[in-house]
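Peer 1: Next come a sequence and a model predicted from it.
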Amino acid sequence: MKTRSLIIALVLACRLAWAAPFTLPILPDTQCELNAAYPNTPAMFTSQMNWLATNKTALSIPIVLHVGDIIDFDTDDAHGGAHYMWIRASTGFAILDNAGLAYALALGNHDTGAVFNSGGAAPGDVNINVRDTTQFNSFFPVSRLTAQRGRYESGKSENAWYTFSAGGVQWLVITLEYCARQAPVDWAKKIVEDHPAHNVIFVTHYHLTGAGAINTNTGGYGDLNPLQIYDQLIKQYSNVRFVFSGHVDSSATRNDPGVFGNRIYQVLQDYQGTDLGGGYIRLMDIDTTAGTVAGRMYSPYYNLTKTGASQFSFTGVNFIKNTVYTSAARFRNTAFYAAQTGTFSASFDATPSLAGSNSIVALCKGAQTAYTGHAVAIRFNPSGYIDARNGGAYGVSTIPYTAGATYHFRLVVDVPNHRYSAYVTPPNGTELTIGTNYSFRTEQNTVTSLDTVNVDVNPTPGGSLTVCPVMIFKPLVPAKHTGVTVTASADDGNVASNALDGNLATRWSATGNPQWLQFDLGSTKTFSSLKLAWFLGNTRVATYDIQTSVNNISWKTVVTGGTSSGTTTALETIDIPDIAARYIRVICHGNNLNTDNGITEGEVWGL
């Protein structure tokens with residue numbers, strides 16, 4: 001009996017220790033602290049690194065984050081020495097390397113090829129140069145970033161994801177490039193969707209203004225602005241908790257609800273304009289048990305904590321935590337934030353304790369106390385396989401599971417048609433199909449909404465099932481962009497504006513190969529498709545290319561050698577992989593009869 005009591009006490013002690021409060025340090029823009037033109041450099045930066053390494057254990061620091069503008073600008077031999085600021089940064093972070101303290105670094109505009117030598121704009125197109133991260137990735141290769149689990153581009157860490165555990169919960173950090181391109185934003189969506197059990201932190205250089213608003217411009221660099229990224233990505237997922245940024249002075253916070261009711265805590269920190277940074281570090285003291293977060297700015301260089309607006313606290317923070325279900329309390333229900341009536345996706349992680357379990361995770365209409373209430377059901381069956389309910393019975397499955405292993409599930413649910421598809425990813429494996437186009441359980445084939453997760457562990461054979469909160473998400477639906485203007489390379493008296501007047505009886509037209517019609521969205525937005533109605537489109541086949549640009553200088557070809565159908569004068573849809581663009585240019589090469597070009601109407605669609 002004493003031995004059993006001792007074991008229980010040890011288990012409880014381990015759980016309490018794992019869930020203990022911890023400190024998450026965030027480095028603001030350190031650019032001035034590495035510039036030899038200023039005093040006290042790199043002493044301020046070195047003091048930060050030494051203090052973090054020294055206090056790793058005492059403060060239970062799991063990882064260090066940096067919001068970007070690590071350096072002021074890259075240099076050559078004529079400006080202080082080749083890459084000397086990167087060398088200083090690398091030397092400083094080596095202190096953390098030697099202490100075994102992981103870090104994740106976002107990139108600011110000053111960390112890219114957009115800024116060079118004296119701090120001015122580098123020659124060339126700033127929107128191309130801001131994606132030149134050669135030096136950063138040379139001094140901070142993937143092998144050096146020990147908590148990194150993956151990245152958008154091979155060998156490049158400006159868009160990357162990291163995981164760690166602290167406070168008894170799991171964490172996912174995603175670093176995003178400055179005013180990100182559409183493709184990395186879409187990549188990040190998939191990373192979040194794949195980690196429903198993790199509390200998500202976004203680290204990006206440019207997000208909040210000094211007044212605490214979400215920026216609506218790009219500051220002259222990049223593609224999507226911070227509000228567009230927030231609307232498309234950050235607020236769409238229920239497990240997102242924090243956004244950390246820099247770029248502008250000095251401290252600001254905001255607390256917004258996501259689409260599914262989760263609070264998103266956004267924090268700005270940048271003190272480059274105050275004593276060149278002063279060696280200050282944002283320290284976030286996090287207690288997942290109490291649901292509290294307290295922020296402060298501390299400088300080990302001065303041994304001083306700032307007062308005023310730089311200090312803040314959040315209470316009632318709802319951290320993502322796993323729940324252990326047993327047969328002692330059957331058919332346990334958790335309501336969605338909002339009922340789902342259309343098509344949606346859901347993801348969750350689940351871990352069975354037994355190899356011959358009999359456990360179910362189901363989506364339902366209202367709280368349920370019996371299997372018959374399960375509309376969509378995933379089961380760890382008694383035979384050792386993962387299966388899903390299909391109408392009147394469970395489908396046949398050959399996907400085995402192992403006790404103690406965690407499986408990631410993805411569901412695509414169509415409520416109006418009472419159908420769903422189910423997929424599972426085993427540990428360290430690839431996604432497998434459990435079943436596609438399955439029917440809701442027969443007793444539930446008339447429900448008009450789903451609003452509850454129901455988990456049941458059958459007493460035979462018992463055991464437990466550990467499940468994270470089920471994450472609901474929906475793909476954003478493209479819409480027609482408004483406020484669009486249009487210009488053309490030439491016209492024959494049928495002017496460009498005719499292509500946006502909503503009248504198929506008017507047209508833009510010009511003779512020659514090539515001629516172009518160009519749409520201007522007014523600002524950089526997501527471009528998903530173009531709808532064009534061709535003049536005489538039912539009697540001739542037009543040939544065209546499509547290019548996009550964010551600045552009307554650098555162009556990317558997204559369609560080459562496209563052709564109209566030749567069968568209709570109505571709008572025809574040209575789908576484009578989502579891309580950030582302000583300008584869309586249709587380059588016309590005549591048609592199968594002559595070099596005449598004509599478009600009667602155009603519509604630009606996107607997010």
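Peer 2: Perfect, I can see it now. Note that the structure is a prediction, hence the values are computed from the model and not measured.
Peer 1: quick one: the strands in the stretch 101-250 of the chain?
Peer 2: Chain-ordered strands for the stretch 101-250 of the chain, with DSSP state E, counting those that start in this stretch as the definition, fall at 103-105, 115-116, 120-121, 148-153, 156-166, 169-176, 198-204, 240-245, 250-257.
Peer 1: Deepest in the core, which of the ones you listed is it.
Peer 2: strand 240-245 (a mean of 27; mean count of other CB atoms under 10 Å). (C-beta placed from N, C-alpha, C; glycine too.)
Peer 1: what's that one packed up against?
Peer 2: Under the contact definition 3 or more CB pairs under 8 Å, 6 or more residues apart in numbering; DSSP states H and E, strand 240-245 sits against strand 198-204, strand 263-270.
Peer 1: For that strand, give me every contacting residue.
Peer 2: Contacts of strand 240-245 with the rest of the structure, by CB atoms under 8 Å, 6 or more residues apart in numbering, involve 26, 65, 67, 192, 199-208, 226, 230, 234, 258, 262-269, 282, 317, 319-320.
Peer 1: The same query, at a cut-off of 7 Å, please.
Peer 2: Here strand 240-245 makes contact (CB atoms under 7 Å, 6 or more residues apart in numbering) with 26, 65, 67, 199-208, 234, 258, 262, 264-268.
Peer 1: In a markdown table: the helices and strands packed on strand 240-245, plus distance to residue 371.
Peer 2: Formatted as a markdown table, the helices and strands packed on strand 240-245 follow (distance: least, CB to CB, whole Å):
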| stretch | distance to residue 371 |
| --- | --- |
| strand 198-204 | 30 |
| strand 263-270 | 35 |
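Peer 1: Compare those strands and give me the one nearest residue 465.
Peer 2: Across those, the minimum distance to residue 465, taken as CB to CB, is reached by strand 198-204, at 18.9 Å.
Peer 1: how about the CA coordinates for the closest one, as PDB?
Peer 2: Once side chains and other backbone atoms are set aside, the C-alpha atoms of strand 198-204 remain, and they are given as PDB (Å, rounded to 0.1, in the frame of the first residue of the first chain):
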ATOM      1  CA  HIS A 198      -0.900  22.900 -29.800                       C
ATOM      2  CA  ASN A 199      -1.200  26.400 -28.600                       C
ATOM      3  CA  VAL A 200      -0.100  28.500 -31.600                       C
ATOM      4  CA  ILE A 201       2.300  31.400 -31.500                       C
ATOM      5  CA  PHE A 202       2.900  33.500 -34.600                       C
ATOM      6  CA  VAL A 203       6.100  35.500 -34.700                       C
ATOM      7  CA  THR A 204       6.400  38.100 -37.500                       C
END
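Peer 1: That strand: partners in the sheet, and parallel or antiparallel?
Peer 2: Sheet pairing here is set by DSSP bridges, and for strand 198-204 it gives strand 169-176 (parallel), strand 240-245 (parallel).
Peer 1: what sits up against that strand?
Peer 2: Applying CB under 7 Å, 6+ apart, the set of residues contacting strand 198-204 from outside is 65, 67, 104, 106, 163, 169-176, 192, 234, 237, 239-245, 319-320.
Peer 1: My read is that residue 481 contacts residue 602, right?
Peer 2: No. When contacts are counted by CB atoms under 7 Å, residue 481 is not listed as touching residue 602 (10.8 Å).
Peer 1: Do a quick rundown of the strands in the stretch 301-450 of the chain.
Peer 2: Using DSSP E, counting those that start in this stretch, the strands of the stretch 301-450 of the chain run over 304-305, 312-314, 323-326, 332-340, 343-352, 359-364, 374-380, 386-390, 393-394, 407-414, 419-425, 432-439, 450-457.
Peer 1: Please identify which of the ones you listed is closest to residue 524.
Peer 2: Smallest distance to residue 524 across these (CB to CB): 27.4 Å, for strand 343-352.
Peer 1: What is the neighbour count of the residue lying closest to residue 222 once chain neighbours are set aside?
Peer 2: With CB to CB, 6 or more residues apart in numbering as the measure, residue 179 is the residue that lies nearest to residue 222, at 2.7 Å, once sequence neighbours are left out. One way to gauge burial is a neighbour count; for residue 179, by other CB atoms under 10 Å, it gives 28.
Peer 1: With residue 466 instead?
Peer 2: 17.
Peer 1: For residue 155, list the residues it contacts.
Peer 2: If you count contacts by CB under 7 Å, 6+ apart, residue 155 has them with 137, 142.
Peer 1: For the closest residue to residue 102 other than its chain neighbours, which residues are in contact?
Peer 2: Ranked by CB to CB, 6+ apart and with sequence neighbours excluded, the top spatial neighbour of residue 102 is residue 147, at 3.8 Å. Residue 147 makes contact with 63, 102, 104, 162, 163, 164, according to CB under 7 Å, 6+ apart.
Peer 1: Just list whatever residues bridge to the fourth one.
Peer 2: According to DSSP bridges, residue 148, residue 173 are recorded as the beta-bridge partners of residue 162.
Peer 1: so it touches residue 106, yeah?
Peer 2: No. Under the criterion of CB under 7 Å, residue 162 is not in contact with residue 106, lying 11.2 Å apart.
Peer 1: From residue 317, how far out is the residue lying closest to residue 313 once chain neighbours are set aside?
Peer 2: Nearest residue to residue 313, sequence neighbours excluded (CB to CB, 6+ apart): residue 294, at 4.5 Å. Taking CB to CB, to the nearest Å as the criterion, residue 294 is separated from residue 317 by 11 Å.
Peer 1: The two: who's more crowded?
Peer 2: The residue with the greater number of neighbours, taking residue 294 and residue 317 and applying other CB under 10 Å, is residue 317; the counts read 20 against 16.
Peer 1: Tell me the spacing between the residue nearest the centre of the chain and residue 107.
Peer 2: Per CA atoms, centre = their mean, the C-alpha nearest to the average position across the chain is that of residue 188, at 3.5 Å. The gap separating residue 188 from residue 107 is 15 Å, by CB to CB.
Peer 1: re the thing from before, and which of the contacts of residue 147 is nearest residue 78?
Peer 2: Closest approach between those and residue 78, by CB to CB: residue 104, at 33.2 Å.
Peer 1: Return the set of buried residues in stretch 99-117.
Peer 2: The neighbour-count check on stretch 99-117 (16 or more other CB atoms under 10 Å) flags 99, 101-116 as buried.
Peer 1: before we move on, back to that, what's the closest non-adjacent residue to the residue nearest to the centre of the chain?
Peer 2: Residue 188's closest residue in space is residue 174 (CB to CB, 6+ apart), at 5.4 Å.
Peer 1: cool, residue 103 as well?
Peer 2: With sequence-adjacent residues excluded and distances taken as CB to CB, 6+ apart, residue 103 is closest to residue 64, at 4.2 Å.
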